[in-house]
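Asks: need coordinates for the below:
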Amino acid sequence: MDNISIVRGRHSLKLGVEVRRDRYNQFGNQKATGEFIFDGQSTFDPANRNATGFIFADYMLGLPAQSARVVAMANGMLRRTSYYGYIQDDWRITPKLTLNAGLRYENARPWTDKYRGIMSVQLFNSGVGPEGNSNLPIITRPGSGDFYEGLNFHFADGQLTQSGDQHMGRGLVNADNNNWAPRVGLSYSPTDRWTVRTGFGVFFVQDSGNPVFDMARNLAGRDLFITSLEQRNAVLEDPWALERQRFTCTGYSGTCLGQPQILGNIQNMRTPYIEQWMFNIQRQLTNDLVLEVGYLGNAGHKLQRFRIYNQPVLKSGPTDTRSVTDRTPWPAYGRLQEVDGVDNSNYHALSTKLTQRFSRGLTYMVGFTWAKAIDGGSAIRTNSGDTLWPVNSYNLRAERGLSQFDVRRRFVASFVYELPFGPGKPIATGRILGAVAGGWQLGGIVTLADGTPINFAQLGDTAGLNTLGNQPDATGISPIPDQRTAQQFWNIASVNFNSPELSWRPGNMGRNTLNRPGTKLADFSLAKNFKLYEAHTLNFRLEAFNALNHPNWNPPSSDARSPANFGVITSAKTMRQLQFALKYVF
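Replies: Numbers count the residues shown, from 1 in each chain. I've put the predicted structure just below:
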């Protein structure tokens, strides 16, 4: 890495380059002891299937909906080289006007495995629509040598495999060489007390290597068996018995994976990026008091999220009797889980901040933000309360909703106040009284914030789409009751989970349509420094977290299939905590 600064007249020029070698080693795997999902679809009443069925009853009968396992541990030894460069000019056009302009380039090469220990799927199309399903996916491993070299399993007959760098490259993902990020900013001060700032920039999002490590998990053999919705054909005693009967690996007597779950990265995926802009006005009210009012916005593009390929298509209606296999584009393959850069997001916020610089023993800051964040998936992997996969990967528009981290209103005030006692203060300046009463400092933070969004609990895979669950229907009634209480935080009349249509189509309930309880928190501290001698000081602190002992509720159950528990607050976050501390400084 090297940086150069050049000052010429009114221009301050900075430029630099960085070459970085990254190593990311990880060992392990998910589902090493097996994973079994029960959805209540084994014990429903066929005449009222969406309103009946009990997950625990399915478990007691030993009838899982999905059974997953891995054959071995994954061992990824990922490597890549990244190249970065930038140039920026700070141009002081006039004493009151400054322009910042710059350009950054990023080229993080695709991760590769030192010992060809990754695997993905080469996809030619989605398998549906005009293109059809004639072009079968090909499970691909880079590097020279046999595809199954070092593996203790085979894929069942009918699943195509290939090895070699000529198919998808050494990293199984194409390089993105078009990552140019311009930046521009403007600062204008018409008087000593006014400042106006605005700016725009593009920022690329370089994710960690963990989504790439998913491709290393494939070499450990990820087996998945999904039972029939109408006739459960797997039991806990031997969940893969039917798989052994249905699938064969010709010429191989070891573990044969019938319809494995392949974890891949879309080959032509681009680097995600954020466009961000702001406008801010700052006014100095007094020598020590500053007021700021501003707007901040951003838009994310090509953001990564999970989606499912080879997902069964929707049934055409209630009389459609096609099975999951009949509706799957490539029946010989299992679930193809891909990291795909198809998501977009936006964020808009109005904010104001009042700041008092330290004066007469007091400094404080008061801020308020009114904002809204929208996306089609807030993370590659699920956040708490969000969904891991789209209900229907052929309709990603239905996933657009409030972001998991959306906080509509947030107020924060903080202060530090040196009590006016002791030497140099207006009160208790005597030697003895000052030593006892002086040096005390009071501090605090007050936070008021709306709750973040959460989904209605999903139903089982009622529509047979090979996902973790279906959405219920919205009724058009507000989920916020007229008289909100701890016993009725959400309105159950806003959701319909027993519509017969949910057996053949996704529910129309939007994503993240509920909101968790908000936060009301006040933390305070009291501290004093006792000067012992020379540079030796004893610091005493008393801290009170949630000092007012206000109950901040945990979110209630969002599963409308249990009306007695739906929307009922049953617990709260940490109540008042007191903490004493002594620190000896020398």
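Asks: what about the closest residue to residue 39 other than its chain neighbours, distance to residue 252?
Replies: Leaving aside its sequence neighbours, residue 39 sits nearest to residue 460 (Cβ to Cβ, 6 or more residues apart in numbering; 3.1 Å). All C-beta atoms are positioned from the backbone trio N, CA, C, and that covers glycine. From residue 460 across to residue 252, the span is 35 Å (Cβ to Cβ, to the nearest Å).
Asks: what does stretch 234-252 contact?
Replies: 34, 36, 62-64, 67, 69, 154-157, 223, 225, 227, 233, 256-259 (Cβ atoms under 8 Å, 6 or more residues apart in numbering).
Asks: among those, name the buried ones.
Replies: 36, 63-64, 67, 69, 154-156, 223, 225, 227, 256-259 (16 or more other Cβ atoms under 10 Å).
Asks: I figured residue 261 hits residue 224, correct?
Replies: Yes. Under the criterion of Cβ atoms under 8 Å, residue 261 makes contact with residue 224 at 4.2 Å.
Asks: which residues do these two both contact?
Replies: By Cβ under 8 Å, 6+ apart, the residues touching both residue 261 and residue 224 are 68, 334-335.
Asks: which among those residues gets closest to residue 311?
Replies: residue 335 (7.6 Å; Cβ to Cβ).
Asks: distance of that closest one relative to residue 356?
Replies: For residue 335, the distance to residue 356 - Cβ to Cβ - is 57 Å.
Asks: of these two, which one has the most company?
Replies: More neighbours surround residue 335 than the other of residue 335 and residue 356, with 22 against 17 (other Cβ atoms under 10 Å).
Asks: out of everything not next to it in sequence, what's closest to the more buried one?
Replies: residue 261 (4.6 Å).
Asks: could you do residue 368 as well?
Replies: Residue 368 sits nearest to residue 411 (Cβ to Cβ, 6+ apart), 4.9 Å away.
Asks: same check, this time on residue 395
Replies: Closest to residue 395 by Cβ to Cβ, 6+ apart is residue 506, at 7.8 Å.
Asks: give me the neighbour count for the one you found.
Replies: 21.
Asks: check residue 397 too.
Replies: Residues within reach of residue 397, counting by other Cβ under 10 Å, total 8.
Asks: could you pull up phi and psi at it?
Replies: Geometry field for residue 397 lists phi and psi as phi -60, psi -30, criterion degrees, to the nearest 10.
Asks: show me the shaky parts of the protein.
Replies: Along the chain, the parts satisfying pLDDT under 70 run over 50, 208-209, 230, 382-385, 424, 428-437.
Asks: how about the most centrally placed residue in it, secondary structure?
Replies: In the chain, the centroid-proximal residue (Cα atoms, centre = their mean) is residue 379; its distance is 2.8 Å. Judged by DSSP: H, G, I helix; E, B strand; the rest coil, the three-state class of residue 379 is coil.
Asks: quick one: the helices in the stretch 201-350 of the chain?
Replies: 210-217, 241-246 (DSSP state H, counting those that start in this stretch).
Asks: give me whichever of those is most buried.
Replies: Highest mean neighbour count of these: helix 210-217, a mean of 23 (counted as mean count of other Cβ atoms under 10 Å).
Asks: give me the distance from it to the chain's centre.
Replies: 17 Å (Cα atoms, centre = their mean, to the nearest Å).
Asks: next: stretch 169-179.
Replies: Worked out by Cα atoms, centre = their mean, stretch 169-179 lies 24 Å from the chain centre.
Asks: that stretch: end-to-end distance?
Replies: End-to-end distance for stretch 169-179, by Cα to Cα, to the nearest Å: 20 Å.
Asks: any buried residues in it, and which?
Replies: Buried, per 16+ other Cβ under 10 Å, within stretch 169-179: 170-173, 176, 179.
Asks: who touches it?
Replies: Stretch 169-179 is contacted by residues 80, 105-107, 109-112, 118-120, 140, 142-143, 204, 212, 215, 264-271, 273 when judged by Cβ under 8 Å, 6+ apart.
Asks: those residues in strands, which ones?
Replies: Counting by DSSP state E, the part of those found in strands is 80, 105-107, 112, 120, 140, 204, 264-265, 273.
Asks: which strand residues bridge residue 76?
Replies: For residue 76, the beta-bridge partners are residue 26 (DSSP bridges).
Asks: hang on, the earlier thing: roughly how far does the residue nearest to residue 39 sit from residue 512?
Replies: Per Cβ to Cβ, residue 460 is found 20 Å from residue 512.
Asks: repeat that for residue 338.
Replies: In terms of Cβ to Cβ, residue 338 sits 23 Å off from residue 512.
Asks: same deal with residue 273?
Replies: Applying Cβ to Cβ, the value for residue 273 to residue 512 is 23 Å.
Asks: more neighbours: which of those two?
Replies: residue 512 (23 against 20).
Asks: how about the more buried one: what's its closest non-neighbour residue?
Replies: The shortest distance from residue 512 to any residue other than its chain neighbours is 3.5 Å, reached at residue 453 (Cβ to Cβ, 6+ apart).
Asks: just to revisit the earlier point, give me the subset of the contacts of stretch 234-252 lying in strands.
Replies: Per DSSP E, the contacts of stretch 234-252 map to strands at 36, 67, 69, 154-155, 223, 225, 256-257.
Asks: the biggest strand by length in the chain packs against which elements?
Replies: The residue-count maximum for a strand in the chain (DSSP E) belongs to strand 336-359. In this structure, strand 336-359 packs against helix 210-217, strand 262-265, strand 289-309, strand 362-375, with contacts taken as 3 or more Cβ pairs under 8 Å, 6 or more residues apart in numbering; DSSP states H and E.
Asks: just to confirm, which helix or strand has the residue nearest to residue 368 in it?
Replies: Using DSSP states H and E, residue 411 sits within strand 409-418.
Asks: before we move on, back to that, surely the residue nearest to residue 368 meets residue 445?
Replies: No. Look at residue 411 against residue 445 with Cβ under 8 Å: they stay out of range, at 11.3 Å.
Asks: is the residue nearest to residue 368 bridged to anything, and to what?
Replies: Going by DSSP bridges, residue 411 forms beta bridges with residue 368, residue 448.
Asks: would you mind measuring from it to residue 151?
Replies: When residue 411 is compared with residue 151 (using Cβ to Cβ), they lie 57 Å apart.
Asks: these two: who's more crowded?
Replies: Higher neighbour count among residue 411 and residue 151: residue 151, with 19 against 15, using other Cβ under 10 Å.
Asks: name the nearest residue to the more buried one, sequence neighbours excluded.
Replies: residue 219 is the one closest to residue 151 (Cβ to Cβ, 6+ apart), at 6.3 Å.
Asks: how about a markdown table for the helices and strands packed on strand 336-359, with distance to residue 16 added?
Replies: Shown next, in a markdown table, are the helices and strands packed on strand 336-359 (distance: least, Cβ to Cβ, whole Å):
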| stretch | distance to residue 16 |
| --- | --- |
| helix 210-217 | 27 |
| strand 262-265 | 30 |
| strand 289-309 | 25 |
| strand 362-375 | 33 |
